[in-house]
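> Provide a 3D model corresponding to the input given below.
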Amino acid sequence: MTFPDSKYSDIAAYCDDYFQQTKTAAAGVDRQRLAEAAELLEAAYQRGATLYVCGNGGSAAIANTFVCDHAKLIQTDTNLVPRVVSLSANIPMMTAIANDISYDDVFVYQLRTSARHGDVLLSVSSSGDSENVVKAAAWARQNKLEVIAFTGFNGGRGGELASVHVHVEADNYGVIEDTHQSLMHILAHFIRQNRMSEDLIAARKF
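Residues are numbered from 1 along each chain as shown. The predicted structure follows:
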C-alpha cells in the first residue's frame with residue numbers, strides 16, 4: 001500500500017501518519033549495511049581519499065549537505081580531515097555538461113575528470129534509477145571505486161551496482177529523503193564521536 005492512498009482533510013492526521021511512515025522506514029534500515037557504510041567512509045577519510053556525493057532534486061540537497069556535515073563536522077575535535085565533494089554543487093559545470101553533452105553525464109563526466117583509485121562515490125537516489133546516478137556508479141565500479149548507494153522504493157539499478165546498499169523501505173519521496181538526511185547525519189555523528197573521548201563527547205553539541 002502506498003502513502004498516502006486517500007485524501008486527508010485534517011493536517012494533524014496527515015502529520016501523524018507521515019511521522020509513523022518515517023518511523024517505520026527508519027526502523028527498517030539494515031544496521032549491518034549502515035555499519036559497513038560507516039567503516040568504508042571512515043577508512044576513506046583516514047587514508048585521505050575523496051568522497052564524491054551525487055543526487056538530483058532533494059537528493060542533490062542531501063548531497064550538498066554531506067559536504068558540510070562530513071567535511072566540517074567530522075574534523076571538529078578529531079584527527080580526521082575528510083575530503084568530500086558534491087557532484088551536484090558545481091552549477092556551471094553541470095549545466096555545461098547537460099547543455100553540450102547530456103544530463104545523463106553530469107556526474108560521470110566530473111568523476112572521470114577528478115576521481116582516483118581508492119576514492120569513494122556515495123549516490124543518493126530515492127528510485128535508484130536516475131540515469132546520471134546509475135552511469136556514475138557503473139563508471140565508479142569499473143574503475144575500482146567503492147560505491148555506497150542510498151535508495152528507496154525497490155532500490156533500482158543503483159542499489160544493484162553498490163558495494164554497500166543502504167536501502168529505505170518506503171514508497172513516499174518525502175519519507176525516503178527525510179530518512180536519507182537522517183542517515184547522513186547519523187554517519188557523520190557516529191564517525192566523529194568514534195574519534196573523541198568520553199569527556200569531550202559530553203562537552204560538545206552534536
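
> tell me who's in contact with the spatially most central residue of the chain.
Nearest to the geometric centre of the chain sits Val124, at 4.4 Å (Cα atoms, centre = their mean). Applying Cβ atoms under 8 Å, 6 or more residues apart in numbering to Val124 gives the contacts 53-55, 59-60, 62-63, 133, 150, 180. For the C-beta atoms, the positions are set from N, CA and C on the backbone; glycine is no exception.

> now Asp199: how far from Glu42?
21 Å (Cβ to Cβ, to the nearest Å).

> looking at those two, which one has more neighbours?
When neighbours are counted by other Cβ atoms under 10 Å, Asp199 and Glu42 differ, and Glu42 comes out ahead with 19 against 8.

> mind listing the residues bridging to the residue nearest to the centre of the chain?
Val124 has the following beta-bridge partners by DSSP bridges: Gly55, Phe150.

> avg pLDDT for the longest helix belonging to the chain?
Secondary structure of the chain read by DSSP state H shows that its longest helix is helix 173-194. Mean pLDDT, computed over helix 173-194, is 98.

> next SSE after it?
helix 198-203 (DSSP states H and E).

> how far is that following helix from where the chain is centred?
27 Å (Cα atoms, centre = their mean, to the nearest Å).

> can you list contacts of that helix?
Counting by Cβ under 8 Å, 6+ apart, helix 198-203 makes contact with 77, 193, all of which sit outside it.

> go on, stretch 17-35?
Stretch 17-35 has contacts (Cβ under 8 Å, 6+ apart) with 3-4, 8, 152, 164-170, 172, 174-176, 178-179, 182-183, 186-187.

> what subset of these is buried?
Neighbour-count burial (16 or more other Cβ atoms under 10 Å) is assigned, among the contacts of stretch 17-35, to 3, 152, 164-170, 172, 175-176, 178-179, 183, 187.

> fine by me, thanks again.
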